[in-house]
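Undergrad: Sequence plus predicted model, see below.
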Amino acid sequence: MDETTPSEHLNPLQRFGRDIKQVRLARKLTQKHLGKATGYSEGYVSKVESGTLLPRPSEKFAKGCDIAFGTGELFAGMLQRIEQGDHPSWFAPYLNLEKKASRILTYETNLVTGIVQTEDFARAVFRVSNPRASAEAIEDKVAARLRRREVFERETPPLLWIIHHEACLRTVVGDAKVMAGQLDHLMTTAASPHIELQIMPFSAGIPATSTMPFTVLRFPDSPTVLYTETRAGGRIHDSEQTVDAALDDYDLLRAHALSPDESLALIKTLLKEYRV
């Protein structure tokens, strides 16, 4: 990043990096000093300041900078706004809740759920859903989607329970190679102690309950909420009656879906088809 580049020509991560550098120099700290204070290497700090660290600086780094600089929550807040800027405004409330959830129960009917999508799968989805977006904008959206996986890096990761309708695995996104990569990733994902994966097969007929995708988020110290999404945007539901009905639906979906082992067997079969 050229130091003479006007601020309006910088992307959000470059502006974040420039601001970090300006405050660091004002505090008379070297990159090595800042790295030590935040728990990262000098090279990491250099990449942050040049705006070349991908997918983006960590939340831990931003908070560490605020502590080292005495800037309150300035850089942590700035990073959060960058994160939210890569998602639709109506999705930001859900994203903030997802980061705090202890259990994430999701049911998907058409596409592999976003938090476990591969880079190539996500890119293909965004290209179709944003046909007029620039290549750079698409890559920003892909990076933002992949960053959602960071919840599993928490000291106490959430339990993620996924029920995918078989249509999610058979709807070709991108091409056969993209699908093979996605199914292979699902198998790896399912091996995690924090993730359970089930498939609702076509042979089960019409789903016993909801035919629409939904997600339930549970928290250690807050009420459970339901998230639903339509073409018009997403919505958080906190009515106890609505949430209880969704949990009942989810229990029925789990009962009618293939077991985790049977689900992996189906994924393996489909993976072979995509690799032919």
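TA: Thanks, I have it.
Undergrad: Restrict stretch 53-64 to CA atoms and write it as CSV.
TA: What follows is stretch 53-64 as a C-alpha-only set of coordinates in CSV (Å, rounded to 0.1, in the frame of the first residue of the first chain):
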residue,chain,number,x,y,z
LEU,A,53,-3.5,-10.0,5.6
LEU,A,54,-6.3,-12.3,4.4
PRO,A,55,-9.0,-12.9,5.1
ARG,A,56,-8.7,-10.1,7.7
PRO,A,57,-7.0,-9.3,11.1
SER,A,58,-8.4,-11.3,14.0
GLU,A,59,-10.7,-9.9,16.7
LYS,A,60,-8.0,-10.8,19.2
PHE,A,61,-5.5,-8.6,17.4
ALA,A,62,-7.9,-5.6,17.2
LYS,A,63,-8.6,-5.8,20.9
GLY,A,64,-4.9,-6.2,21.7
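Undergrad: Now do it: distance to the chain's middle.
TA: 15 Å (CA atoms, centre = their mean, to the nearest Å).
Undergrad: How about stretch 95-111?
TA: From the chain centre to the centre of stretch 95-111 is a distance of 9 Å (CA atoms, centre = their mean).
Undergrad: contacts for it?
TA: 83-84, 87, 113, 115, 125, 148, 151, 156, 158-165, 167-168, 171, 173, 210-220, 222, 225, 227, 236, 247, 249-250, 253 (CB atoms under 8 Å, 6 or more residues apart in numbering). Backbone N, C-alpha and C define where each C-beta goes, glycine included.
Undergrad: Narrow these to just the buried residues.
TA: If you count burial by 16 or more other CB atoms under 10 Å, the buried members of the contacts of stretch 95-111 come out as 83-84, 87, 113, 115, 125, 148, 151, 158, 160-165, 168, 173, 210, 213-218, 225, 227, 249-250, 253.
Undergrad: Please list the members of the contacts of stretch 95-111 that lie in strands.
TA: Mapping the contacts of stretch 95-111 onto strands (DSSP state E) picks out 159-165, 214-218, 225, 227, 236.
Undergrad: now, which of the residues you listed sits nearest Ala180?
TA: Taking CB to CB as the measure, Ala180 sits nearest to His164 out of those, at 16.1 Å.
Undergrad: so who does the closest one touch?
TA: Shown in contact with His164 (CB under 8 Å, 6+ apart): Glu108, Val112, Thr113, Leu197, Gln198, Ile199, Met200.
Undergrad: closest to Thr188 among those?
TA: Closest approach to Thr188 among the contacts of His164 (CB to CB): Leu197, at 10.7 Å.
Undergrad: Surely that closest one is in contact with Thr188?
TA: No - the pair Leu197 / Thr188 is not scored as a contact, 10.7 Å apart, by CB atoms under 8 Å.
Undergrad: Of those two, give the one with the bigger neighbour count.
TA: Leu197 (23 against 11; other CB atoms under 10 Å).
Undergrad: how far away is the more buried one from Trp161?
TA: Separation of Leu197 from Trp161 (CB to CB, to the nearest Å): 8 Å.
Undergrad: go on, Leu10?
TA: Per CB to CB, Leu10 is found 41 Å from Trp161.
Undergrad: pLDDT weak spots in this protein?
TA: For the chain, the stretches flagged by pLDDT under 70 are 1-9, 55, 83-89, 207-210.
Undergrad: Tell me where it has helices.
TA: For the chain, the helices defined by DSSP state H occupy 12-26, 31-38, 42-50, 59-69, 74-85, 92-98, 119-129, 135-147, 166-170, 176-190, 240-256, 260-274.
Undergrad: Give me the distance between the second one and the centre of its chain.
TA: The chain centroid and the centroid of helix 31-38 are separated by 28 Å under CA atoms, centre = their mean.
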